[in-house]
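Participant: sharing a model prediction with you, sequence too.
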Amino acid sequence: MIRVDGLSYRIGEQHILSDISLDLPRGGISALVGPNGAGKSTLLSLIARLIPIQTGRITVDDLVVGQCASDILARKLAILPQSDDIAPRLTVRELIGFGRFPHHKGRPGVDDRRKVDAAIEAFDLEPLQHRPLDTLSGGQRQRSLIAMAFAQDTDYLLLDEPLNNLDIAASRSLMARLRDLAEVNNRSIVVVLHDLNFACGYADFLVALTAGRIGAMGPPSTVVTSQMVAKVFGTKAPVIRVGDRPLVQV
Amino acid sequence: MRQETGTEGSDRIRVARTRALRIGLPLLALVSVLSLFIGVIDLGPRDLIQDPEALRLIALSRWPRTAAALITGASLAVAGTLMQMLVRNRFVEPMTAGTGQGAALGILAVTFLLPTAPLFAKMAVASATALVSSLVFLAIVRRLPPTQPLLIPLVGLVYGGVLGAVVTFIAYQVDLLQYVGVWMSGEFSGVLRGRYELLWIAALVAGLAYLAADQFAIVGMGRTVSVNLGLNYGQVVLIGLVAISVVTALTVVTIGMIPFVGLVVPNIVARLWGDNLRLTLPVTALMGAGLVLVSDMLGRILRAPYEIPVGTVFGIVGAALFLWLLYRAPRHG
């Protein structure tokens, strides 16, 4: 479980997050949603120790973020980097191999090789494994990066808007893979999503942030209502139900 | 396509790299031996048996010069790679972005203030000032907008130029200009036994950097990836800068500045074999050593008995190679 307790963050006079406390459950997919500038990415970056905590406390299982050694946390939690941020002149296999670094520290062994093979297989990357990243499509690159995080073999996997720049087919197949990771591989996934409907369709737990505060929290089926959409996103959109899942009409 | 899909041992880059080393190493050894027999004094292989003076000439001058060229080329190419990883830009290298000029500033200060200081102390001061000027460069670069990658090498050139001007101005004021000329333009003609041995430290530092090849490759992917993989980002950057500064300072003090080696060689290697430093750094060192040695040999031959400085020859050889690489037809597959 990721526990956030009394977390505030500000840049200068601007409050990005104000006194946030929440528990993200172990297992399943948790989605962070909210309008632009609500603090979703900041919250994710704070959990992943990408930026230092100012006030409050975050724990990942028994590890205190900011106090425990960074390389120990790297074996517990992985965050997916923005894909255009990565050196293009690595092959897919090399990139995924770097995901094993927290475990082998520069000396990969048989087990690391096996884990890389498993990641390549799990994400259907065999035909691409020796291709440089800059020859891949956006969806293929995103898949390679998630495979790298998968090879890191952590209980928690954090993703910051992974559906950016993906078309609907690539988006759906990526979310389906995340569901697989949660259900088959028992990983806990925390994902920042722009599109509320993807959160409704795939997440088990939903946190809606608005202006640095929690607007709503819980399973999508109970949380997502037209009142919530009005309160959090500031727009009047009808919410209908398809099966047991809510669907926001746009 | 078919051969790329095979799994067992078909890693194309690994194979290509092994082949490059297998061809390159004997070639480098051959060129090194040839280098021993090129110079003002005629010397053939047969003289080694007949003339006792011949061995002395090799031990005193020809081998030191050859070794100096090999070490300089290899370590500058490695230093250039490291700098490009730390700055995350392919168009920077220590000799043009202030590190070399910082080293010259340091050695100038020692020469003027403490002319009797031992060589090793001068080296230490030059390394320290090189490190400080690299840190300043990095601090400047971090403030540049990431959407303008070409600003980084431009700012580097301006920064290096300003530092170089400061060095020249001070040297002019204190009447040490002739020294500055020696530091600012590298050449191997002055290399003799007893005058180049500090360079072995540069070789050692480049070798040690290889131990952290994975860390430098990860830093090259950015801060987010580094932190995610549990790396102490600031520490790795600092270690890299120290390695770059030591290599640069040692080169400036013993040989003088040789620009472009740290720029051209890493770019050629990255284009052909990618950025996985664990695999590519040995090839980078090999290519740097070979190109600098060949440039020095050409400089000795072309206008014999006069010499053309190695930097001039390398500028032409390196640029020609790089252009060929940019414009040649793309490979199949």
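Facilitator: Alright, I've got the coordinates. Numbers count the residues shown, from 1 in each chain, chains lettered A, B, ... in the order given.

Participant: per-residue confidence at the residue nearest the centre of chain A?
Facilitator: Taking CA atoms, centre = their mean, the centroid of chain A lies closest to A:Leu159, which sits 2.1 Å from it. A:Leu159 carries a pLDDT score of 93 in this model.

Participant: from what I can see it touches A:Val192, true?
Facilitator: Yes. Counting by CB atoms under 8 Å, A:Leu159 does reach A:Val192; the two are 6.9 Å apart. Yep, even glycine has a C-beta here, placed from its N, CA and C like the rest.

Participant: find residues that contact each of these two.
Facilitator: Common neighbours of A:Leu159 and A:Val192, counting by CB atoms under 8 Å, 6 or more residues apart in numbering or on different chains, are absent.

Participant: partners of the helix or strand hosting A:Gly215 in the sheet?
Facilitator: For A:Gly215, the enclosing helix or strand under DSSP states H and E is strand A:213-218. In the sheet, strand A:213-218 lines up against strand A:205-210 (antiparallel) (DSSP bridges).

Participant: could I have the partner strand exported to CSV, CA atoms only?
Facilitator: Extracted C-alpha coordinates of strand A:205-210, given in CSV (Å, rounded to 0.1, in the frame of the first residue of the first chain):
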residue,chain,number,x,y,z
PHE,A,205,-9.6,2.7,-7.7
LEU,A,206,-9.9,6.3,-8.6
VAL,A,207,-8.5,9.5,-7.1
ALA,A,208,-9.8,12.7,-8.5
LEU,A,209,-7.7,15.8,-7.8
THR,A,210,-8.8,19.3,-8.2
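
Participant: avg pLDDT for that strand?
Facilitator: Average pLDDT, strand A:205-210: 94.

Participant: ok, how many other residues are close to residue 91?
Facilitator: Picked chain A for this. When neighbours are defined as other CB atoms under 10 Å in any protein chain shown, A:Thr91 has 24 of them.

Participant: chain B, not that one
Facilitator: Using other CB under 10 Å, B:Phe91 has 17 other residues around it.

Participant: who touches the closest residue to chain A within the stretch 51-200 of chain B in this structure?
Facilitator: Residue of the stretch 51-200 of chain B nearest chain A, by CB to the nearest CB: B:Arg88 (8.1 Å). By CB under 8 Å, 6+ apart, the contact set of B:Arg88 is B:220, B:222.

Participant: can you tell me how far it is from B:Thr99?
Facilitator: B:Arg88 sits 17 Å away from B:Thr99, going by CB to CB, to the nearest Å.

Participant: then A:Gly39?
Facilitator: For A:Gly39, the distance to B:Thr99 equals 40 Å [CB to CB].

Participant: between those two, who's got more neighbours?
Facilitator: The neighbour count for A:Gly39 versus B:Thr99, taken as other CB under 10 Å, is higher for B:Thr99 (34 against 23).

Participant: got phi/psi on the more buried one?
Facilitator: Dihedral angles of B:Thr99 (phi, psi; degrees, to the nearest 10) stand at phi -60, psi -50.

Participant: then A:Lys236?
Facilitator: According to degrees, to the nearest 10, A:Lys236 has phi -90, psi 100.

Participant: same question, the one 5 residues further on
Facilitator: Taking degrees, to the nearest 10, you get phi -120, psi 130 for the backbone angles of A:Arg241.

Participant: likewise for the one 4 residues further on?
Facilitator: Comment: the main-chain dihedrals of A:Arg245 come out as phi -100, psi 140, following degrees, to the nearest 10.

Participant: tell me how many other residues crowd residue 133.
Facilitator: Assuming you mean chain A. When neighbours are defined as other CB under 10 Å, A:Leu133 has 22 of them.

Participant: nope, chain B
Facilitator: 26.

Participant: in what helix or strand does it lie?
Facilitator: Following DSSP H and E, one finds B:Ser133 within helix B:119-142.

Participant: now do that helix: everything it contacts.
Facilitator: Contacts of helix B:119-142 (CB under 8 Å, 6+ apart): B:83, B:86-87, B:89, B:94, B:97-107, B:109-111, B:114, B:117, B:152, B:155-156, B:159, B:163, B:198, B:237, B:241-242, B:244-246, B:248-250, B:252-253.

Participant: stretch A:17-28 too?
Facilitator: With CB under 8 Å, 6+ apart as the test, stretch A:17-28 has contacts from A:1-10, A:30, A:39, A:42-43, A:46, A:56, A:61, A:155, A:182, A:186, A:188-190, A:203-205, A:207, A:209, A:211-214, A:217.

Participant: likewise stretch A:35-52?
Facilitator: Applying CB under 8 Å, 6+ apart, the contact partners of stretch A:35-52 are A:2, A:4, A:7, A:9, A:16-17, A:20, A:32-34, A:53, A:58, A:60, A:65-66, A:70, A:73, A:77, A:79, A:158, A:160-161, A:190, A:192, A:209-212, A:232-234, B:223-224, B:227-228.

Participant: got a quick ChimeraX command for the buried subset of those?
Facilitator: Only the buried entries of these go into this ChimeraX selection, using 16 or more other CB atoms under 10 Å in any protein chain shown:
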select /A:2,4,7,9,16,17,20,32,33,34,53,58,60,65,70,73,77,79,158,160,161,190,192,209,210,212,232,233 /B:223,224,227,228
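
Participant: looking at the contacts of stretch A:35-52, which are in helices?
Facilitator: Those of the contacts of stretch A:35-52 mapping onto helices are A:70, A:73, A:232-233, B:223-224, B:227-228, per DSSP state H.

Participant: which two of the residues you listed have the greatest separation?
Facilitator: The most widely separated members of those, counting by CB to CB, are A:Ser70 and A:Phe233 (35.4 Å).

Participant: so the residue in the stretch 101-250 of chain B positioned nearest to chain A, which of the three states?
Facilitator: Minimum separation of the stretch 101-250 of chain B from chain A (CB to the nearest CB) falls at B:Gly230, amounting to 2.9 Å. Classification of B:Gly230 by DSSP: H, G, I helix; E, B strand; the rest coil places it in coil.

Participant: near chain B, which residues of chain A?
Facilitator: Listed as neighbours of chain B in chain A under the rule CB under 8 Å from any CB of the partner chain: A:48-50, A:69-75, A:78-79, A:81-82, A:85-87, A:89-91, A:93-94, A:98-99, A:101-102, A:106, A:117, A:126-127, A:129-132, A:149, A:152.

Participant: go with 6 Å
Facilitator: Chain A comes close to chain B at residues A:50, A:70-71, A:74, A:79, A:81, A:85-87, A:89-90, A:94, A:101-102, A:106, A:127, A:130, as judged by CB under 6 Å from any CB of the partner chain.

Participant: what are the buried residues along the biggest helix by length in chain A?
Facilitator: Assignment by DSSP H gives helix A:168-183 as the longest helix of chain A. Across helix A:168-183, burial judged by 16+ other CB under 10 Å covers A:170-171, A:174-175, A:177-179, A:181-182.

Participant: make TSV from the residues you listed and add pLDDT to it.
Facilitator: Output for these, formatted as TSV (pLDDT from 0 to 100):
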residue	pLDDT
A:Ala170	87
A:Ser171	90
A:Leu174	90
A:Met175	93
A:Arg177	91
A:Leu178	92
A:Arg179	93
A:Leu181	90
A:Ala182	93
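
Participant: which one of those residues is nearest B:Gln215?
Facilitator: Proximity of the buried residues of helix A:168-183 to B:Gln215 (CB to CB) peaks at A:Leu181, which lies at 27.9 Å.

Participant: how about the closest one, what does it touch?
Facilitator: A:Arg187 (CB atoms under 6 Å, 6 or more residues apart in numbering or on different chains).

Participant: try 10 Å
Facilitator: With contact set as CB atoms under 10 Å, 6 or more residues apart in numbering or on different chains, A:Leu181 has these partners: A:29, A:122-123, A:146, A:149-150, A:157, A:187-189.

Participant: output the helix holding B:Ser133 as PDB, nothing but the C-alphas.
Facilitator: The C-alpha trace of helix B:119-142 is given here as PDB (Å, rounded to 0.1, in the frame of the first residue of the first chain):
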ATOM      1  CA  LEU B 119      54.800  19.100 -12.300                       C
ATOM      2  CA  PHE B 120      52.300  17.000 -10.300                       C
ATOM      3  CA  ALA B 121      51.100  20.000  -8.300                       C
ATOM      4  CA  LYS B 122      50.600  21.900 -11.500                       C
ATOM      5  CA  MET B 123      48.600  19.000 -12.800                       C
ATOM      6  CA  ALA B 124      46.400  19.000  -9.700                       C
ATOM      7  CA  VAL B 125      45.700  22.700 -10.000                       C
ATOM      8  CA  ALA B 126      44.900  22.400 -13.700                       C
ATOM      9  CA  SER B 127      42.500  19.500 -13.100                       C
ATOM     10  CA  ALA B 128      40.800  21.500 -10.300                       C
ATOM     11  CA  THR B 129      40.300  24.600 -12.500                       C
ATOM     12  CA  ALA B 130      39.100  22.400 -15.400                       C
ATOM     13  CA  LEU B 131      36.500  20.800 -13.000                       C
ATOM     14  CA  VAL B 132      35.300  24.200 -11.800                       C
ATOM     15  CA  SER B 133      34.900  25.500 -15.400                       C
ATOM     16  CA  SER B 134      33.000  22.300 -16.400                       C
ATOM     17  CA  LEU B 135      30.700  22.700 -13.400                       C
ATOM     18  CA  VAL B 136      30.000  26.300 -14.400                       C
ATOM     19  CA  PHE B 137      29.300  25.100 -18.000                       C
ATOM     20  CA  LEU B 138      26.900  22.500 -16.700                       C
ATOM     21  CA  ALA B 139      25.100  25.100 -14.500                       C
ATOM     22  CA  ILE B 140      24.700  27.400 -17.600                       C
ATOM     23  CA  VAL B 141      23.500  24.600 -19.800                       C
ATOM     24  CA  ARG B 142      20.800  23.500 -17.200                       C
END
